[in-house]
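Chemist: Structure for the following, please:
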Amino acid sequence: MSKALQTSQAVAVIGSGTMGCGIALVAGTAGHRVLLLDAVPEAIQRGLERLRADLSRLVSRGKITAEARDARLALIEPAPNLDSLAPAALIVEAIVEDLDIKGALLSRVEALVAPDAILATNTSSLSITALAARLRRPERVVGMHFFNPAQVLPLVEIVSGHLTDTAVAEMVEATAAAWGKTTVRCRSTPGFIVNRVARPFYGEALRLLMENAADVATLDAVLRDCGGFRMGPFELMDLIGNDVNYAVTKSVYDAMSQDPRYKPSLVQRELVDAGLFGRKSGRGFYDYRDTASRPPAIDAPSGPKPAHVVIEGDLGIATPLAGLAEAAGLAVERRDGAGVVRVDGTTLALSDGRTATQRTHDTGEPTMLFDLALDYTSASRIAIAGPDQHDLAPVAKAAGFFQAIGKAVSVLDDAPGLAVMRTVAMLANEAADALHQQIATTAGIDLAMRMGVNYPVGPLAWADAVGPAHCLRTIDHLAAVYGEDRYRASPLLRRMALSQRQFHS
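Modeler: Take a look at the predicted model:
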């Protein structure tokens, strides 16, 4: 790896909003002199006051000393004008997400700084190639995408445009690493790694809500308590801001020539049109006003404790269910078969993208489906769904089995792929496509998703655990149900499934 910038070299940050100030603090904490510029001079002072307040909270909690706080802030200097940025070896712009505005600004900066200065943009989705093409030295332009808040979140995506000099990208990567950041290199593509691969996490939940598979609180609980995600998709969209999340989705959709994989949701657009942005506006998918209370997830009523459980064949990733049933004192019989659980005459099978109704039709055997879990041993909740019928006994028996092994149960409408399985399969499919297109490496994609959006497992590692073949079946069955190109399988995922290979091998 190339050498990082020396701390004796100045860094300039343009934009003193939350992101710009965070980047300035990261560089200053590493020992660089930081020149902070904003089109509104008063905004710089407000930004520095926010940083002082944030650091003072760390002082009060004993995380840093008052002297350390003052030393960090002392290295951040308000810049009176563009000319004052001339000494900077690295310039990071963190202004409005507009290609024309960014291009015009960096063109002016380029004329002021040394020929070997590096121009970095903190854009989250705009094309580095298109931005660099507006400058005289496109090889000196690179993406340096921090995540908000920059001083807290570890990941920085280092993004190369078509003409970015490899040595420039390597130096920026080494510099970010010297600043204590986790770096991932990638090629310029709409959304880069994180904002591209993460789209299904929101998109599939929004579609399930639109189809009345379950309410917001229940879907969040399933993705969180069963899937192992730190936050459910709706509470996360409310935290990010529905306006921001919708704009990112639309940006990726438009940049991808309106590929249906990234099509924005009408459900979310309605919220945005109504001004229901989430936490910052007081209402979103949830109501955050003082008078409101958080709705609970809907749990299934208590079902009967199983008298007899048969574990038939290999359950794959759901194998821990057998041990949990035995540990709960249930009468468990093991025998060869189709990889299902039979509970007092009711068949339970892991979702494979079909509806329970479709699977029942295909096999001729009434079947209850259960959802994927990150870890069946530690998961506190399981989602189930049954075929369209009036007999509720199979639902009660399935619920009773999972309740007997210590799980809360959410009964979803008979949605294809349930919640976690379809989400993970689509995340894996998107990650596989990014890998297929050489946007980043297998390790880089998984690292970016774990560090950038705090996923419990990288999507390609998760695909390996579930099995690429099962992920492919899920995608193909979703495609058959919906008849949409949104659910087309990545050629690489199909190849891995057919060759019985894994991504991490």
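Chemist: CA only for contacts and neighbour counts going forward, please
Modeler: Will do.
Chemist: what are the ranges of the helices in the stretch 351-500 of the chain?
Modeler: Under the criterion DSSP state H, counting those that start in this stretch, the stretch 351-500 of the chain contains helices at 356-363, 393-404, 420-436, 442-452, 459-466, 468-482, 491-498.
Chemist: which of the ones you listed is buried the deepest?
Modeler: helix 420-436 (a mean of 26; mean count of other Cα atoms under 10 Å).
Chemist: follow-up on the earlier one: next, format the helices of the stretch 351-500 of the chain as JSON lines and append mean pLDDT and distance to R61.
Modeler: Formatted as JSON lines, the helices of the stretch 351-500 of the chain follow (pLDDT from 0 to 100; distance: least, Cα to Cα, whole Å):
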{"stretch": "helix 356-363", "mean pLDDT": "94", "distance to R61": "53"}
{"stretch": "helix 393-404", "mean pLDDT": "96", "distance to R61": "42"}
{"stretch": "helix 420-436", "mean pLDDT": "98", "distance to R61": "38"}
{"stretch": "helix 442-452", "mean pLDDT": "97", "distance to R61": "25"}
{"stretch": "helix 459-466", "mean pLDDT": "98", "distance to R61": "36"}
{"stretch": "helix 468-482", "mean pLDDT": "97", "distance to R61": "46"}
{"stretch": "helix 491-498", "mean pLDDT": "97", "distance to R61": "48"}
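Chemist: Relative to E235, tell me which of those wins on proximity.
Modeler: E235 lies closest to helix 420-436 among the helices of the stretch 351-500 of the chain, at 15.9 Å (Cα to Cα).
Chemist: which residues touch that closest one?
Modeler: For helix 420-436, contacts defined as Cα atoms under 8 Å, 6 or more residues apart in numbering pick out 193, 196-201, 204-205, 222-223, 226-227, 351-353, 371-373, 416, 440-442, 445, 459-460, 462-463, 471-472, 474-475, 487, 489-493.
Chemist: what angle separates that helix from helix 491-498?
Modeler: With axes from the mean of the first three to the mean of the last three Cα atoms, to 10 degrees applied, the angle from helix 420-436 to helix 491-498 works out at 110 degrees.
Chemist: Just the angle for helix 420-436 relative to helix 442-452, thanks.
Modeler: Going by the same axes, to 10 degrees, helix 420-436 makes 130 degrees with helix 442-452.
Chemist: For helix 420-436, C-alpha coordinates in PDB please.
Modeler: The C-alpha trace of helix 420-436 is given here as PDB (Å, rounded to 0.1, in the frame of the first residue of the first chain):
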ATOM      1  CA  VAL A 420     -35.800 -12.600   6.200                       C
ATOM      2  CA  MET A 421     -35.300 -15.200   3.500                       C
ATOM      3  CA  ARG A 422     -36.300 -13.000   0.600                       C
ATOM      4  CA  THR A 423     -34.400 -10.000   2.000                       C
ATOM      5  CA  VAL A 424     -31.200 -12.000   2.500                       C
ATOM      6  CA  ALA A 425     -31.500 -13.700  -0.900                       C
ATOM      7  CA  MET A 426     -31.900 -10.300  -2.600                       C
ATOM      8  CA  LEU A 427     -29.000  -8.800  -0.700                       C
ATOM      9  CA  ALA A 428     -26.900 -11.800  -1.700                       C
ATOM     10  CA  ASN A 429     -28.000 -11.500  -5.300                       C
ATOM     11  CA  GLU A 430     -27.200  -7.800  -5.400                       C
ATOM     12  CA  ALA A 431     -23.800  -8.400  -3.800                       C
ATOM     13  CA  ALA A 432     -23.100 -11.200  -6.300                       C
ATOM     14  CA  ASP A 433     -23.900  -8.900  -9.200                       C
ATOM     15  CA  ALA A 434     -21.500  -6.300  -7.800                       C
ATOM     16  CA  LEU A 435     -18.800  -8.900  -7.500                       C
ATOM     17  CA  HIS A 436     -19.600 -10.200 -11.000                       C
END
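Chemist: what is the orientation angle of that helix with helix 459-466?
Modeler: 130 degrees.
Chemist: now helix 420-436, how far from the chain's geometric center?
Modeler: Distance of helix 420-436 from the chain centroid (Cα atoms, centre = their mean, to the nearest Å) equals 11 Å.
Chemist: Same check on stretch 449-468?
Modeler: The answer for stretch 449-468 is 10 Å, by Cα atoms, centre = their mean.
Chemist: before we move on, what about stretch 220-229?
Modeler: 14 Å.
Chemist: For it, measure first residue to last.
Modeler: With Cα to Cα, to the nearest Å as the measure, stretch 220-229 spans 9 Å from end to end.
Chemist: any idea of the mean pLDDT for it?
Modeler: Mean pLDDT, stretch 220-229: 98.
Chemist: again with stretch 178-185
Modeler: Computed over stretch 178-185, the average pLDDT equals 97.
Chemist: Can you give the contact residues for that stretch?
Modeler: Residues contacting stretch 178-185 (Cα under 8 Å, 6+ apart): 4, 26-27, 29-30, 154-160, 173, 176-177, 440, 444-445, 447-448, 451.
Chemist: What of stretch 61-76?
Modeler: With Cα under 8 Å, 6+ apart as the test, stretch 61-76 has contacts from 24-25, 28-29, 31-36, 48, 52, 55-56, 58-59.
Chemist: buried sites along that stretch?
Modeler: Buried positions in stretch 61-76, judged by neighbour count with 16 or more other Cα atoms under 10 Å: 69, 72-73, 75-76.
Chemist: How many residues are close by A114?
Modeler: 13 (other Cα atoms under 10 Å).
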